[in-house]
Each structure stands twice: as C-alpha cells, then as structure tokens.
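K.L.:
using only what follows, build the 3D model:
(chains A and B)
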Amino acid sequence: MKKIVILTFILIVALVYACGEKFLTKEPLGVVSEPALQSAKGADALLIAAYSSLDGYSGWGNGGPWQGSATNWVFGSIAGGDAYKGSDPGDQPAITPIERMAGLPNNEYFETRWRVLYDGISRSNFALRAIKAAPDLNETNKKIRTAEGRFLRAHYHFELKKMWNMVPYVDENATDFKIPNDKDIYPQIEADLKFAVDNLPLRQSDVGRATKGAAQALLGKVFLFQKKFNEAKQQFDAVVASGVYSLAACYHDNFNPATKNGPESVFAVQSSVNDGSADNLNGNYGEILNYPYTGGPGGCCGFHQPSQNLVNAFQVDANGLPLLDTYNNTDVKNDQGVATNSPFTPHTGPLDPRLDWTVGRRGIPYLDWGPHPGQAWIRDQAFGGPYAPKKNVFYRSQQGTLSGASGWAQGANANNYNIIRYADVLLMLAEAEVELGNLERARALVNQVRNRAKSGCIVRNPDNTPAANYRVEPYNTPWTSKEFATKAVRFERRIELGMEGHRFFDLVRWGIAEQELNAYYAKEGTLRSYLQGARFTRGKNEYYPIPQQQIVLSTAGGQPTLKQNPGY
Amino acid sequence: MKNKDRLWVGYIPILSFLFVLFISSFTYAQKRVSGKVTDSEGGSALPGVTVLVKGTSSGTATDAQGNYSIAIPAGSSDILVFSFVGYVTQEIAVGNQSTINVSLVADVTALQEVIVTGYSTQQKKEITGAIATVSTKELLAVPAPNFAQQLQGRAAGVTIGNDNSPGGSTMVRIRGFGTINDNSPLYVIDGVPFKSDNGQGLNSINQNDIESISILKDASVASIYGARAGNGVIIITTKKGKSGAPKVSFDAYTGVQTPRKYIDLMNVQQLAELEWLRQRNTGLPAGQTNPSSAQYGSGPNPVIPDYIFPAGAKEGDPRVNPANYSADIDDPEFGRTKFLITRANKQGTDWWREIAKPAIWQNYNLTASGGTDKARYMFSGNYLEQNGIIIHTGFRRYTVRANTEFSVANRARIGQNLQIGYTERVEMPAGNQSEGNPVSGVYRAQPIVPVYDIAGNFAGHKGTNLGNAQNPVAQLVRNKDNKYRNMRIFGNVFAEVDIAKNLVAKTSFGLDYNIGHGSFYSIRNIEAAEPSASNRLDVNTYWNSNWTWTNTLTYNRTFNEVHKLNAYVGTEAIRNTFRDFGTGRNNFFTDDLNFRFINAGAGLPNSFGGGGEWALFSIFGRAEYGFKEKYLFSATVRRDGSSRFGQANRYGVFPAFSAGWVLSDEDFLKNNDIINFAKIRAGWGQSGNHDGFGDYPSYSTLGSSINETFYDIRGTSNSAVLGFAPQSTGNPNIKWEATATTNVGLDVTLLKNLELNIDAYNRKTTDLLYNIQQPATAGNNIGAPVSIVTNIGSMQTRGLDFALTYNGDAMNGDLKYSVNANISLYRNKLLNISGIDNDFIADGGSRIGNLTRSIVGQPLSMFWGYFQDGIFRSQAEVEAANALDGNPNTPYQDAIRPGRFRFRDINGDGVVNADDNTVIGNPHPKFTYGFNLNASYKGFDLTVFLQGVQGNDIFNFFKYQTDFNVFQGNRSTRLLDTWTEQNPNASMPRWDSDNGSADAVPSSYYVEKGSYLRARNIQIGYNLPSTALGKVGIERLRVYLQAQNLFTITKYSGLDPEITLANFGTGGDRTIGVDYGAYPAPKTFLLGLSIGF
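P.N.:
Numbering: from 1, shown residues only, chains lettered A, B, ... in the order given. Below is the predicted model:
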C-alpha cells in the first residue's frame, strides 16, 4: 500500500508537469508571425500596409489623423500663411503656436507627424525584408516591389527631412533604433529614389503604386531642395518626356473624387470610403476637420480657413496677370461681420479663377452645395475669418457614395491628396530652368499651367454665368530678368498649389521665409489678433523642433541619441 | 522525501480505517443532554446554534425554538461546545446534568471569530497578517449596487471609488498603488477567483448573499494567491444553510435619489454680453465698428433674438413661418429657406435641471435557509433597480442563488454554490468622464437653446455661433433603449473527505461564465451643430469562460494541547477563454424600436471579432503553527506558472512568512484590567501581478486592420486591399511583477471595550512591468507606438492603517452603542521606470495635452502644467517680466499682454516655456477616514456613517469649458469679473479670442482642493416587539429610514468631489483625480423593511 501511495503521488506530480507545459502554452489568436509573410503574397500585404501609412494615420494611439495628415495642412499651409488655424479658439489649440512660429518640442502635432512617418518607414522595411526573403517572387517582380518599398521609404524620409532637417535614417537592417540624427540623410534618400527610378515601370496595373515617373518627380524635388538644379532638371525633363502625364483639362479635376487619378496625378494618397471601415478612416481623414460648419458639407469643424493674404494673391491686373508686388495692398472684399441674411455683394475686381476652386467665400457656389452663405457656415468668424477651404470637399451629388455614409466622419471622402501632380512638376522644372538661366523655357512652363487655368473650367452660377470676374492670361512678354522670373514662378506656385501644404516648405527652401512671414504677421495681425507678436526667427524657425518625447525615448547610456534642432 | 514521512503517508488509509472503527464501536454507549439556547440580551431563542461534543465531530444544532438534544458518546469528553456566528463560543461541562440551558453572549471582542484567510480559516486571535473583515451588517447598511462600494470607508487601508453612475465602475485599491498597471485586487468567492479591472464585474454579484468578507491586505497572508495577489485579495464566503427549521427573511428598501448640487452658469443676457466683450477685447477687424454675431446682430449692444434657428431671426421674419419648418437636413434648401425653426429661450434653459431628476431606487431580497445534519441549503433571490439621477440611465439586476451541502457517511461532504445573475444597464451616452456626455453638455449647451423646437422636436445648436454641444436631453432620451445585458453564472461544486483524523482532502471546480450583449442605436441628431451622417446600430457580444479547479489537502492537529498545527498543500488550475464579436450598420429606414436589428439596416455592415486565452497552474502550501496560542508562526509558498510568460520565466515562486506574539497571554500582562488583549504581528511576503498587458506579451506578431493597414491601392474609391503590419512586439524574457510587503501590526483591547488595530507597511514592487515605448524609429504597432513589456522599474508604497472600535452602554444597558473609526494613509513613489532619470509616463489626455504625469521620484499620476501666478495687471508688469531674461524685446511667455495669466518661471531663466512645466497638484490624499456610530435604545437603532478624504487635489477640467473662450458654450459666472484696463484687479483674465489658447493651457488654475467629508449614511430603525410579532408568526420585523449623502462638506467647485479614477480600466491609475465631467453622486432617501420568519 505504501508503494501504491508513492506511485500515485509520483504519477500525479508527473501528470501535473506534463499537462502543465501544454496547459500553459497559449499562442496568440488571429495574427501571424514575420516568417509567415515571406512570400509574394505576404510581402505584398506588407507593402500595402506601407502604402497605407501615406495618409499620415496609423491608429488613434499614434495621434489624430489630422495631426499626422499627409496634406501638411498645418505645417505647410497654415504655417506658411496660406491659411489660419480657423474654427474655434478652443478646438485644436496646439495648432495656434505652430501658426505663430512658437511651437514647442512637446507639441503633439510634431510628435504625431514624426511617428506616422517613421511608421511608414518601418512598414517599408518590413516589406523589403519579406520581399528579399520571398522564395516565390521572380527577379523582375522582386525588383519592382523592392523599388516600391524603397520609393516609399524615401518619400517618408524626405517628409521628415523637410520638417526637421536633421533626422535619423532607418533601413531594413536596423536593429538598434536609437539612431543619431547627426548626418544629412539626403544621400540615402537619393540612393533609394535612384533605385526606384531604375527599377519601376512607367505604369503599374494598380493605379496607387509608385511608378518610374513618381520616382523621377520625387527625386527631382529632392534635388531641388538641395539646389542641385541640373540634376533636378534632368529628372523633371524625364517626367515630361515620358508622355505619361498631362495637365487635367479642368483644374478642379485634381480635387474631385470622381476624376481622381487623372493624367495629372503623378503620385497620390489613395482614399476610399464605404469600404468596410465604420469610420471611413481610409478616406481623406487627415482633412476631416476642414469643412464648413453647421450646414455645409462634411459637418465639422471649420479649420484650415484660407487667409486674407492668400485670397488677395488671386487678384489680377487688367491683363490677367498676378499683382506680384502689390497683391496685398488692397483686400479682396469679404463678408466679415455681415450676417448671412444681410445682403452682400462679392468682390467685383478681376480674379484668377483658381481662387474659387481653392477658397470657399460668401456668395460663390460651393461646388454643388449652393452659394457659400458666409457667417452661417463659419464656426467663429470673429476668430477665424470669413473663408472656408475647398480642395478637400466632395459634391453633394457624391454624398454617401464618394463620401462616408456613416458616423461623425461624414466629411471623409474619396478625394485623393496629390503628393505630386504634374502642374507641380512643371513649376518645379520652371524653377530649375530659372536658376539655370533658361528663362523662356520657364515662362513656357508657367504659361502651360496658366493656360490650363484659363481654358479650363471656372466656377459658374446656376445660370451658367461666371461666379466672379475671372481673368487669367499667360505671360505674353518674354522674361528677361531672372529676378522677375523667380518671382513669377514662385507666385505661380503659390496660387496653383494654394492650400495644398507646400507653402511653408517652399518659403524655407527659397530662403525668404523670414521676410515673407514677418510681413504676413504684421498685416494679418490686424485681422487675427492672435498673430500679433508672432515672429519667424532666422536660423531657428526653418525647421520644427524635434519632438521632446522622441528625444527622451532615444536615451541610451543616460544620454539622448537625438539632438534638438538649433534654437529650441 | 524522508523515510519518516513516507511511513506516515503510507499509514493514512489504515489509520483512517481504524478511526472509523473506533468511532462506530462506541456509538451505543452514550447519554443524552437537552436544553434551550437563548440570547443573553433579551432572552430570545437562538435557532441554528451548533452544539458539539468537544473533541468529536458529533453534534447538532438548535431548532427554531432554540431547543437541542444531543447524545454524548461514552468515553468522549464531557464538555459541550455551543457556537454561533456573532456570539462568544461557550463550553460547558456536562457532569450529571441532563438539561443544560445556555445563554450566549454576543461576541464583542470577536477574537474567537473565525476568519477565512485563503484556502482555510483561522481564529482572529491567531492571525499574524493584516486582514480586515467587514461585517455583513455594516456592509449592507449602505445601499449600493455592489459590495465593493459598500466597503467604502469601512476598512482601514481600503480605498474605494466609483463613477456614481448606476451599475458603473468601481475602483478598489488596497493600500494605495503597487503598480503602474492594474491595481485591482483579486476577488475570491467561495474559492473561485476572479479579477475585475474596472469593477463592473462586481455589480452582478448579490451582496445580500455574503456571509463574510475578509480583505487580505499584506503579502504574508495574500501570497497564498501568489501571482495575482500583488494588490491584495478580497475573500467572500456566501451564506450557507444551517441545520434547523427553515428560516426565511425578506428585506426591501425603496427610495428616491435627488441631485445634490447645481453649478452657477450664465444666463442668456450675460452670455451675450460676454460675447460682445470678447469681440471688443479681441479687436474688431479693420472697417468694422461694432461686434457682430449671427445671433445677436451687429450693434453697440447684443440683441437677444426671438429665434436662434434661423440664426438671429426676429418675430415677423418670413423665414420663421412654420411652413418653412423642415427636418430634412439633406435638402439643399435646408438652412437657407428651410429650418428646424427654433425659438430662443430668453429665460434660459437650465440644462442641469432638465436632465437631473429624482430617481427611484429599490431593492428586494428573499432568503431561505435551513437543513438537517445531513443536508443544508440556502436559497436567495434578489431584484435591484437603481435609476440614475440623470434621466434614462439606470441599472437592474436579478439574481438567484442556491447553495447546498450534503454530508455523506459522516466523513465526506459534497455541495455546490451557484449564483446566476442577469443585469441590464443604460449608461450615459458618450460614457462617463467625457466632454461629449450630457453632464458636460449641461455647461457646454447654451441657455438660449430650448429643449424643443417649435414643432416639438428636440432643439439643438444648429443655428450659427451656438457652439457644438449636443442637447443633453435629446442625447439621453434617444439613448434610453441602448441596453447592455449581461448574464453571469458563478459558482462551484466541491467534495471534501476526511481521509483520516485531522486530514481533509477537498476538491472544488468553479466556473465564472459571462455572456454580454449590447445593442446601441443612435438616432440621427439632426438638430446638432455637428450631426452624424446617418442613424446607426452597433451590436456587440462576448463570452468569457473562466474555470478554476482547486485541490487541497489540509492537516489540523494540536499536539500535547500546546502545539497547534494547521497546514495545507494544494494545486490550482485556471483557464480563461474570451471571445467577442460585434457588428454595426448605418441607414435604417426608421428609428422604430422594433426595427433596431442589423438585418434591417441598409448600409454596409462593419464588424470586428477577436479572442484571447490564458491559463495558470499553481502549487501552493501553507503552515501555521501556534505554541499555546501565544507564539504564532506561519509560512506560505506558492509556485505559479502562467501562459502569459515565455518559457524562460514562466514560473514564479512567491514565499511569505509571519509571526505573532500574544503579549497579553504572558504572565506580566495576564489578569490586567487595562490591557485585556495585546498581540504584535510581523510579516513579510511576496506576491505578484500578471495582469494589465494582454495575454501574449512574449510574442511578436503582425496583424491587419481595415482602418490602419488596408489601402485602396487600385484607386477604386470604395474598397481597400488587405495589408499586414506589426501588431505587437514581444519580450520572451519578461517575468512576474513582484511585490514584497513588510507588515508590522498591533492589536490591542483596552478596558474591555476599546479595540485598537494599527498596521504599518512597506510595499515595494520590483520588476515592475512597463510597456516601454520605443523610439518612433522602431515603427508603430497597429494603432499605437511600439512598446515592449519589460521588467524595468520599481515602486514603493508605505502606509499606516489605523482602526479603533469602542463598545459601550448606558442607562442600565438600555442604550448600547459602538463607535468605530478608521484612518488610512499611504505614500506612493515611483522609484524607477526604464532606468532613465526623470523619466515619466504622460497620461490624462485632453484637448490641452496630457494633464497627468507619473514621474520617477514622485507618486503616480501627478498633475502637470504651469503654476499660475495671478494675472498681468498692467503693461508695466508685462514689460518688467519681458526684461527678466535680460532682453526686454523677447517675451516672458507666449502671447503675453496685460490681462493674461502669468505663469511661473520655474527654472529662473527669465522665460516661460515647456521647461517650466512642473508638478502642480497631487491627487493622492494625505489620509482617508471613516467614522461609524451605531446606537440602539430599546427597539430603536441609529447608524451614522461619515466618510472622508483629506488633502488631495482635483484637476477640475470642467473649467476648460466654462472658464475660457473655447467652443462657444455656456460660461461660469466667474467670468463676470474679467480683466480690463478699468478692472485691473479682476479675478479672471482678459476675455478675448486668444484667451482660449493663451490662458487655457494646463496650469494650477484648474487644480482645486479635493478634501471632503460626506455623511454617507444616516439611518434610524425600529424593531417591532417580538411578543407582538410572535402572534402573527413573524420572528422579527425592522423598519428603517435612511439618508445617504445627506451632506457633503467640501471646497471643490465642481459637481462632486468624489473623483477617483478618470478611467476605470487598466492604466487608469495613471489618471487619478481628473474631473472630465463625472456623474455626480446623488442624495438618497430610503425606506426599508426587514422581516424574518
């Protein structure tokens, strides 16, 4: 009996242990491991996720979609003087210091943008590793997919470079992520893009994928930012020569979900709605806050209100040419302080028609939503001014099909954001040509853009009459002065690409941010009191502060690996 | 195994056989004793008293009339033991008596009280750890939907908070905070453990079934639960039947809850004038001479309109003709010629009074119990209904319980405990503590907006310049049918065999099975400024199964009358399986209640679903040894294996030791009139934590998510292609978080009536599990930055628990009273996180950034921001400040000007920037206390229970919306005194547009004192005389009147100072004390009845 008891005891102990290990092994449900994705299909799914980061959103835990938005509406448009923060003073108050060049390193907008860009890089690297390891990918496809991965990685790094200048470069072999920001990463960006240029096809069967033209245009832009004008021109010329791209017949086709991915789209963030996502987060959610208030399309929140300065820039002279030096001497008439049910006659002076595809203003048809009623659609006119953004908006006729049919996010729609469109390529090429002394080529390029604005569609009233006194003409006299040409090209860029997130970065790379922005604050401060006292400081405000939290997280051996930008 | 032990184990079956033989051979040589047992106070019969022959297991219980009859086997001891819960056990030598009447004395010192300490019980006198017990009577004195809320203020060292909403969350914290993760304790009901991080799981347990509650506060006792006991353990035993005639009791109360406080907000005229002041102060744009608003026109003074939609319309305006009324907001003419025509409420809508109304609360409980010496049963049924003071919120619970136990052949017992609970809850829309909920709506909604428009539909803020609040009444009415239903099956079956004398084997299989189903329909809020795109239904469901199989072997023996040994060993296996699924759909043809099914929607359905599993396997043992009940020792060890850890560190061992010394049993204190009892206790132990970071922290995975990884690569505009991205980054080397507690305690009884318990403790958690956020260069996991669970960090909590009880009587014993008071305090400090000096975890997200920080060297969840040092009164003050850094041309702080808040330059560099943010408040109280008075005079009784918190701060985030120029909501009357050049000494800053970004930043302006003293319960009862009741067959009948939260003394300006966690789930402990718009506690008046048959 003694033995039986001992045996039983041993048996129980043995059972307990044997069962224990099996009993205690629980593997995660509904997910995969990295090796499981090392196939053509798996690698492509990883690449899709890398594309998915283009919109600047990668989960609420990384910050609001509007904070990381691909469109740079805060860092490019608002900071550059195209627009005010707008809305209500209490909504997204973190934008106000950025608008005033007083953004602190702990500002959540910087943190979010930094995070989503490195997320895109990390996802690209995951994809690159899987592509390399995938046994069922043939060499051609392997090269194309690798080129896509490297293109995306370059794009994300370039966005970081524009914002912060000194940033770490992360490749697919990195294991220690506390990487110093002590080197210029342009060489790596260029290397990635050159590989992409060499290996990408001119056209891809999926319209959202990177192409050779996209890589050339981006590489050209990267050169332009470094003032390597010859190299830039080569790339842009190649894009032009490819014959793949042309200007859309109608300027507005670039901002209409029904006509997206047209001939002008070189590389765009693809947006989809009603695709199974309850919140339509695959739509252009980065712009979700940027709709008129109470009654207009979208339903919320009245941000990104165009500045008076931008509106004034659309004034033209009798010849249909912009007022390069005097545009801001007189204001385009607006309805500030005028109740919606009080009569108002819009500005009668001549205006570039692109104004009314860029800016929503009182009395002008707001796509097919009827005339913008002014105050009734403005959240707090006394704070944010009288204007509304327009390029991100969908048509009433598209409501529920090309716009989100569900939730609070009824503004999310299928409008793409064009990271690079052909007009941008032409104007960048024009810039390079001016710098290289080819002024007439530059004029031709600018005129190509202006002629489209002239011959293309304009905003019309229901009775088909033009909604305003539109006038736009090409530059008919030859350009002989480089100074004038520079000014004209830059001005064209502002009005063609207004509210598209480029302005601040353009001002910085042109080296004129200090004079332009300080003049802007001086005048706009009389309209928007919070701009009084704002100041752009040379040597500091060209780049944003590196997010405080990232500096803390980079600590290794008691010292942060990341170094803050000068002046912060 | 040593030879000797083997010998001993081998003899068990033989010994037990002999033992049975021994017992049975003497059964017919016996004598019989009978008698009656009564209560020494009042002499009423005591049914159910256990009568035992000392040293044997033969015994009986008194019947309904208190009578008993027992046979005493010849050869056994000559002593009868009479025991009954709540009474002092008496031993009486039988001698030659055949009738023994006993009068039991209610247990005052309670030292003999038997306390459940884990897998066994112990007499209170012998306990060497820190265990608090709360009597069922005290527990049930305060009406609440769960037992944890009833513990508030009752036990030293136990902090309770709740979100005040019916059926809402409850926070239970034992001895402060031991981890930055989940600090909720482990609950064990009838041997079945469970955790409930937000405390909502407690609402489905009927607390009327509780027989006893023990709170294991320190590791020397809690370690027996090892890996899950790091935050203490609450052990609950439910009522069991006792031998005797059936006893039936019925308890009921019903009453009304009323709102306790209102807040001072502006009226329509004041708010309009404030808008004019804002525009003038901001500066009118060039060319504009007067302020202008869509509602108040343009003129030197604001004009209150007759209509707010169309904005600013006057009587006679053709647009307000009822013919122009339209609810079709998608009509192109809507807002232009068609409107939800809404009249201005010039008197002002008092939104708080519109949504906060008296609400009924009722509770009915029926219990029946009884049995024979072979079978005992207890049955109960309960219905609880608590409607919220905020209209259309409420909680209902139905429970039934059956506990039975059967004796088999005198040496085995089998039985079961089972409760089935069903609950229904309607929560506040948008949830508690959010700016979108109706409580926040009360101050965010404008007073000029009426509840209804001219057609009787809900009015809203659709007119221009009214802000973006929702109509709080509309929100609540539309939400009234959005129920969350939960069914819980909780219980166990067990078998217990006396293998040999003193040796008992027990096996128990417990199940905690939950099924939940929520159905949430949102009616389109067309009148809102930011209306939703369509109506929508979201349905979700889950099930969670948790089974526990426990086996123990217990050995109890007293050797030579002086060595008392109580030991057990056991194994426990726990397995948890969770699945959930949910789906949502838009575009329902009608909002009719009968139409609210997924099938009926027209939009594209969206769904989610997932699952998780974990398992725990443990071996444990404990030995308690007492020498002459004077020198007491105990040792515990538990080895846990958890599926949540990788193989390298899957197992954790948690030891504990404690000792006690009953000084009063020593000769030098014996027979002392002053010190009747004194015991010193000391213990040390380790326990662990494995909760708070998911089921699979050791695995690296990739996953997919429609929102975060899918992409419309084909440019279709309405479909997205699957993508995979990293989902989690695992750490195969992580191990248990270990909390070591040292506890020293003293229990003293003085002058017979004064009992004092003091405990001092030091809790230190090492290997603190922390999700270390990686630099963004490491990428993101879907939805969040990459973070890796790592054992790095430590935290310390030290504290004192102090409890005092005094029992007294007067007027020849007619007036009896007892007073008890408890005070607890703890000091928490984060010693290390991720090894970086001054590292912190920011939390408490808000529109103005994170409000809390948990910083190394400081307690958890400190408030973070600027110190606000008054207001810049003049240009001279501004200039002086600007010059502080030596350069008068650089501003002292951003957007500086006269009238702005002045923030403190902490680092003294002459400018205020991010480096000047600092700790501006501490949400941890200096101490918390409870004070309880029970008195009875003849048939009357009185209870007064006060509870309070002292020395904490509250971050009153309400003020963001009410005190600054944000969101065009209603404003606090504090803004009647704002800075202007004519009023430079105002209490509030300059009122202009910039105020919303310049002054509203997180600062000490928001921080308020949170101390309060609350009359949690005042109750007056009357027991009808038993002589009268006996005639109608009723044993006892008590009626009572009760007031809850009758008064609250506090300086806090918000709705309610009882703000604990802003978020009750895991990680919520990093946001303590922030008031984001919490559901306020009501004032309640109840009438109750308790009948026993």
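K.L.:
from here on, just use CA atoms for contacts and neighbour counts.
P.N.:
OK.
K.L.:
how about the residues of the stretch 851-1000 of chain B by chain A?
P.N.:
B:Asp894, B:Ala895, B:Asn913, B:Ala914, B:Asn965, B:Val966, B:Phe967, B:Gln968, B:Ser993, B:Asp994, B:Gly996, B:Ser997 (CA under 8 Å from any CA of the partner chain).
K.L.:
contacts only, for the fourth one.
P.N.:
With contact set as CA atoms under 8 Å, 6 or more residues apart in numbering or on different chains, B:Ala914 has these partners: A:Leu104, A:Pro105, A:Asn106.
K.L.:
so who does the most centrally placed residue in chain B touch?
P.N.:
In chain B, the centroid-proximal residue (CA atoms, centre = their mean) is B:Thr170; its distance is 1.9 Å. By CA under 8 Å, 6+ apart, B:Thr170 lies in contact with B:Ala148, B:Gln149, B:Ile160, B:Gly161, B:Asn162, B:Asp163, B:Asn198, B:Gly199, B:Gln200, B:Phe1064.
K.L.:
how about a cut-off of 7 Å?
P.N.:
Contact analysis of B:Thr170 by CA atoms under 7 Å, 6 or more residues apart in numbering or on different chains lists B:Gln149, B:Gly161, B:Asn162, B:Asp163, B:Asn198, B:Gly199, B:Gln200.
K.L.:
now the residue lying closest to the fourth one once chain neighbours are set aside: how far from B:Lys1031?
P.N.:
This means B:Asp163. Among residues not flanking B:Asp163 along the chain, B:Ser169 sits closest, at 5.7 Å (CA to CA, 6 or more residues apart in numbering or on different chains). Distance, B:Ser169 to B:Lys1031, using CA to CA, to the nearest Å: 46 Å.
K.L.:
of these two, who's got more company?
P.N.:
B:Ser169 (25 against 9; other CA atoms under 10 Å in any protein chain shown).
K.L.:
need phi/psi at the more buried one.
P.N.:
phi -80, psi 150 (degrees, to the nearest 10).
K.L.:
which of the helices or strands spans A:Lys41?
P.N.:
Using DSSP states H and E, A:Lys41 sits in helix A:40-52.
K.L.:
check B:Phe379 too.
P.N.:
Per DSSP H and E: strand B:375-387 holds B:Phe379.
K.L.:
need the contacts of B:Thr170 in a markdown table (columns: neighbour count).
P.N.:
Shown next, in a markdown table, are the contacts of B:Thr170 (neighbours: other CA atoms under 10 Å in any protein chain shown):
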| residue | neighbour count |
| --- | --- |
| B:Gln149 | 25 |
| B:Gly161 | 20 |
| B:Asn162 | 25 |
| B:Asp163 | 23 |
| B:Asn198 | 22 |
| B:Gly199 | 23 |
| B:Gln200 | 17 |
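K.L.:
so which of those residues sit within helices?
P.N.:
Among those, the ones falling in helices (DSSP state H) are B:Gln149.
K.L.:
give me every residue that touches the residue of chain B found nearest chain A.
P.N.:
Residue of chain B nearest chain A, by CA to the nearest CA: B:Gly783 (3.5 Å). Applying CA under 7 Å, 6+ apart to B:Gly783 gives the contacts A:Ser58, A:Gly59, A:Trp60, A:Gly61, A:Asn62, B:Glu708.
K.L.:
so which of these is the closest to B:Ser292?
P.N.:
B:Ser292 has its nearest neighbour among the contacts of B:Gly783 in A:Trp60, at 37.8 Å by CA to CA.
K.L.:
neighbours of the closest one, how many?
P.N.:
The tally of other residues near A:Trp60 (other CA under 10 Å) stands at 13.
K.L.:
picking that back up, next secondary structure element downstream of the strand holding B:Phe379?
P.N.:
In N-to-C order, the element after strand B:375-387 by DSSP H and E is strand B:394-408.
K.L.:
next one: the helix or strand just after that next one to chain centre, how far?
P.N.:
Per DSSP H and E, strand B:394-408 leads on to strand B:412-426 as the next helix or strand towards the C-terminus. Offset of strand B:412-426 from its chain centre (CA atoms, centre = their mean, to the nearest Å): 21 Å.
K.L.:
can you give me the strands in chain A?
P.N.:
Here chain A has its strands, by DSSP state E, at A:83-86, A:265-269, A:303-306, A:359-360, A:388-389, A:417-421, A:555-556, A:559-560.
K.L.:
pLDDT score assigned to the residue of chain B closest to chain A?
P.N.:
Note for B:Gly783: predicted pLDDT of 84.
K.L.:
contacts only, for the residue most central in space within chain A.
P.N.:
In chain A, the residue lying closest to the centroid (CA atoms, centre = their mean) is A:Thr71, at 2.1 Å. Listed by CA under 7 Å, 6+ apart, the contact partners of A:Thr71 are A:Tyr417, A:Glu500, A:Gly501.
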